[in-house]
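Engineer: structure of the sequence below:
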Amino acid sequence: TYGWPYHNLGLIYEQRQAYDEALRLFRQALERHSNGADRAISWTKVGDIYRVQDRISSAVYAYKQAMELDPAYAWPYHQLGLIHQEQRQYAECVPLFQQAVSQHDHSEARAQAWNHLGDAYRALSRYREAIGAYRQATELKPDFALPWSSVGDVCRLLDRPDEAIDAYRQAVELDPSLAWPYHNLALIYTERGETERTAYEAAIILYRQAIERHKNDRDRSLAWTKLGNTYQALHLLEDAIKAYRRAIELDPEYTSPWNNLGDAYRALSYPEDAIEAYRHAIELAPQNAFSWNSLGDVYREMERFEEAIEAYRQAVKINPDYAWPYDSLGLIYEQQDRPELAVPSYRKAAQLHTRNQERAVVWNRLGNIYRESDRPTAATEVYQQAIDLDSDYAWPYHNLGLISEQQGEAEAAPKFYRQAIQRHRSDRDRVVSWHKLGGVCLSLNRHTEAIDAYQRVIGLDSQDSLSWNSLGIAHTALEHYEAALKAFEQAIEVDADYA
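Structural biologist: Take a look at the predicted model:
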């Protein structure tokens, strides 16, 4: 008639994973216990067995029986909270974990409940409360690494990277076997790598540490993929390809490494390999608009325009709000001299792009079509629209200079070319605008300014025979005959066939 021997024997069978025998013994204990508090403990273990066996409704019933028998016993609240958490019923599990926190007798159990409560708050986007719960867990159990890792996760979500780094480092100091703090630290350093190359190098080390610690192939595949992305950001494309291949070996059904492998092959100018990789990605996820768009990009670069158009149309069909396929369709139609199709494609892209810099580029292209179609007023309007969106983007200023010249308003053009020169980010682009500035100044008989412009071009590209010749013309106009002679001789030396 004494229940505890049955209960304790059930615990042994539970540890041995002999769950049916454990369940039988816990039920025999229930029949023999003489008070509600003891029966509550055995009902909780019955619930634990049902939970392991994925008999969730029976587990819920058992935990509720335990709560009714002993409302002060913490574990049925705790375990029922875990069930709701596993079912993503986060609002329901919050009061259960709160109850467990208030009723657990031991600090370690309370720490576990606080940690679970933090997870629930985080899932509900109650981030301040989540951090508070995790910190309660660490105070109760100072060597508890998981809540530190979770504090890092929340701080990263809140764009507080320095606090996230501190939390992740605390987690790995307490438990170096944990994989995710290393993984997520690497994510932070990868984001910083855009401005600090050493951050990318730190991320590589951290991803490798995560790979050593991840416990399943799927997580290792994710880390290899992230490592490949970091290599690609550093233009270490062969290393990136090896990382993506390793990710694919570990999880052949994972789409991202296939798609990113295509990007690496494309960057190395291996278009056929890129196509094969993108096709694998599409086979795994036919509704992935990004893979269809990337496939279209390769075909466009190979000038296989009909195949590119078909790929972009598939991307648009899957995701009508995705801007880049419209953008690229506009490029193809413009290249094919089909402005009637390019214009609506560009307008749709400009409508859908979310970043002003991207929208400015599209408006500039649209302006080029209007300018080349002899619609200067429309072109001027859209170039100004591009400038309004991104005042640091150089080409709309340059193109306004071209329109000024085309409209016989050459006096206005130098201002626009100079604004473009101030904003260009490459010497190659600056050469184009300096060249146009030199030409318009020459036509306006502003020979000193023309000389300065052509000298700037030659300083950036000494093999530009046209600039040497134009420099000679400007010097001649100012009767600088010795300088003119040297310029003409240089033009001939650079290009002996230049007439």
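Engineer: can we go C-alpha only for contacts and neighbour counts from here?
Structural biologist: Will do.
Engineer: ok, Ala496 - how many residues close by?
Structural biologist: Neighbourhood size, Ala496 [other Cα atoms under 10 Å]: 11.
Engineer: what do you get for Ser404?
Structural biologist: Ser404, neighbours per other Cα under 10 Å, totals 18.
Engineer: repeat for Glu196
Structural biologist: Glu196 has 12 neighbouring residues, counting by other Cα under 10 Å.
Engineer: which residues are in contact with it?
Structural biologist: By Cα atoms under 8 Å, 6 or more residues apart in numbering, Glu196 lies in contact with nothing.
Engineer: can you do 10 Å?
Structural biologist: When contacts are counted by Cα atoms under 10 Å, 6 or more residues apart in numbering, Glu196 touches Tyr189, Thr190.
Engineer: just the one 10 residues further on next, same as before
Structural biologist: Under the criterion of Cα under 10 Å, 6+ apart, the contact partners of Leu206 comprise 179, 181-187, 189, 200, 212, 223, 227.
Engineer: hey, C-alpha coordinates of stretch 300-310 in PDB?
Structural biologist: This file holds the C-alpha atoms of stretch 300-310, laid out as PDB (Å, rounded to 0.1, in the frame of the first residue of the first chain):
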ATOM      1  CA  ARG A 300      21.700  38.200 -69.400                       C
ATOM      2  CA  GLU A 301      25.500  38.400 -68.900                       C
ATOM      3  CA  MET A 302      25.900  35.700 -71.500                       C
ATOM      4  CA  GLU A 303      23.600  37.700 -73.800                       C
ATOM      5  CA  ARG A 304      21.200  34.700 -73.900                       C
ATOM      6  CA  PHE A 305      18.400  37.200 -73.600                       C
ATOM      7  CA  GLU A 306      15.300  35.000 -74.200                       C
ATOM      8  CA  GLU A 307      16.400  32.600 -71.500                       C
ATOM      9  CA  ALA A 308      17.100  35.500 -69.200                       C
ATOM     10  CA  ILE A 309      13.700  37.000 -69.900                       C
ATOM     11  CA  GLU A 310      12.000  33.700 -69.100                       C
END
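Engineer: hmm, back to that, looking at the contacts of Leu206, which are in helices?
Structural biologist: Members of those lying in helices (criterion: DSSP state H): Pro181, Tyr182, His183, Asn184, Leu185, Ala186, Leu187, Tyr189, Tyr200, Glu212, Ala223, Leu227.
Engineer: report the spatially closest residue to the first one, excluding sequence-adjacent ones.
Structural biologist: If I follow you right, that is Pro181. Counting by Cα to Cα, 6 or more residues apart in numbering, Tyr168 is the residue found nearest to Pro181 once chain neighbours are left out, at 5.1 Å.
Engineer: just the element for the one you found, please.
Structural biologist: Assigned by DSSP states H and E, Tyr168 falls within helix 161-174.
Engineer: ok, Tyr6 next?
Structural biologist: helix 4-15.
Engineer: now the closest residue to Ala277 other than its chain neighbours: which helix or strand?
Structural biologist: With sequence-adjacent residues excluded and distances taken as Cα to Cα, 6+ apart, Ala277 is closest to Gly262, at 4.9 Å. According to DSSP H and E, Gly262 maps onto helix 255-267.
Engineer: quick one: residues in contact with the helix holding Tyr6.
Structural biologist: If you take Cα under 10 Å, 6+ apart as the criterion, helix 4-15 is touched by 16-30, 32-33, 38-39, 41-42, 45-46, 48-49.
Engineer: which of these count as buried?
Structural biologist: Among these, the ones that count as buried by 16 or more other Cα atoms under 10 Å are 19, 22-23, 25-30, 32-33, 38-39, 41-42, 45-46, 48-49.
Engineer: am I right that the residue nearest to Pro181 is in contact with Leu187?
Structural biologist: No. In this structure, Tyr168 is not within contact of Leu187 by Cα atoms under 10 Å, at 11.6 Å.
Engineer: so what sits against both of the two?
Structural biologist: In contact with both Tyr168 and Leu187: Pro181, using Cα under 10 Å, 6+ apart.
Engineer: these two - which one has more neighbours?
Structural biologist: Higher neighbour count among Tyr168 and Leu187: Tyr168, with 26 against 22, using other Cα under 10 Å.
Engineer: return the residues in contact with that one.
Structural biologist: Shown in contact with Tyr168 (Cα under 10 Å, 6+ apart): 145-153, 174, 180-185.
Engineer: nearest to Ala474 among those residues?
Structural biologist: Checking the contacts of Tyr168 against Ala474 with Cα to Cα, the nearest one is Leu185 at 59.6 Å.
Engineer: in ChimeraX, select just the buried ones from the ones in helices among the contacts of Leu206.
Structural biologist: Buried residues among the ones in helices among the contacts of Leu206 (16+ other Cα under 10 Å), as a ChimeraX selection:
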select :181,182,183,184,185,186,187,189,200,223,227
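Engineer: could I get the ones in helices among the contacts of Leu206 in JSON lines, plus columns for pLDDT and distance to Leu69?
Structural biologist: JSON lines is the format used below for the ones in helices among the contacts of Leu206 (pLDDT from 0 to 100; distance: Cα to Cα, whole Å):
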{"residue": "Pro181", "pLDDT": "98", "distance to Leu69": "41"}
{"residue": "Tyr182", "pLDDT": "98", "distance to Leu69": "45"}
{"residue": "His183", "pLDDT": "98", "distance to Leu69": "45"}
{"residue": "Asn184", "pLDDT": "97", "distance to Leu69": "44"}
{"residue": "Leu185", "pLDDT": "97", "distance to Leu69": "46"}
{"residue": "Ala186", "pLDDT": "97", "distance to Leu69": "49"}
{"residue": "Leu187", "pLDDT": "96", "distance to Leu69": "48"}
{"residue": "Tyr189", "pLDDT": "95", "distance to Leu69": "52"}
{"residue": "Tyr200", "pLDDT": "95", "distance to Leu69": "57"}
{"residue": "Glu212", "pLDDT": "97", "distance to Leu69": "47"}
{"residue": "Ala223", "pLDDT": "98", "distance to Leu69": "47"}
{"residue": "Leu227", "pLDDT": "98", "distance to Leu69": "53"}
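Engineer: thinking again about what came up before, out of the contacts of Leu206, who's nearest Leu352?
Structural biologist: The shortest gap between Leu352 and any of these belongs to Leu187, at 28.0 Å (Cα to Cα).
Engineer: which residue is the nearest non-sequential neighbour of the closest one?
Structural biologist: Ala203 is the one closest to Leu187 (Cα to Cα, 6+ apart), at 7.1 Å.
Engineer: Ser465 now?
Structural biologist: Distance criterion Cα to Cα, 6+ apart; nearest residue to Ser465, sequence neighbours excluded, is Ala491 at 4.6 Å.
Engineer: SS state for that neighbour?
Structural biologist: For Ala491, the assignment made with DSSP: H, G, I helix; E, B strand; the rest coil gives helix.
Engineer: that one contacts Gln463, doesn't it?
Structural biologist: Yes. Using Cα under 10 Å, Ala491 is in contact with Gln463, at 8.3 Å.
Engineer: so between these two, which is more surrounded?
Structural biologist: Comparing Ala491 with Gln463 by neighbour count (other Cα under 10 Å), the higher total belongs to Ala491, at 25 against 16.
Engineer: list the contacts for the more buried one?
Structural biologist: By Cα under 10 Å, 6+ apart, the contact list for Ala491 reads 462-472, 485, 497-499.
Engineer: rerun at 8 Å
Structural biologist: Asp464, Ser465, Leu466, Ser467, Trp468, Asn469, Tyr498.
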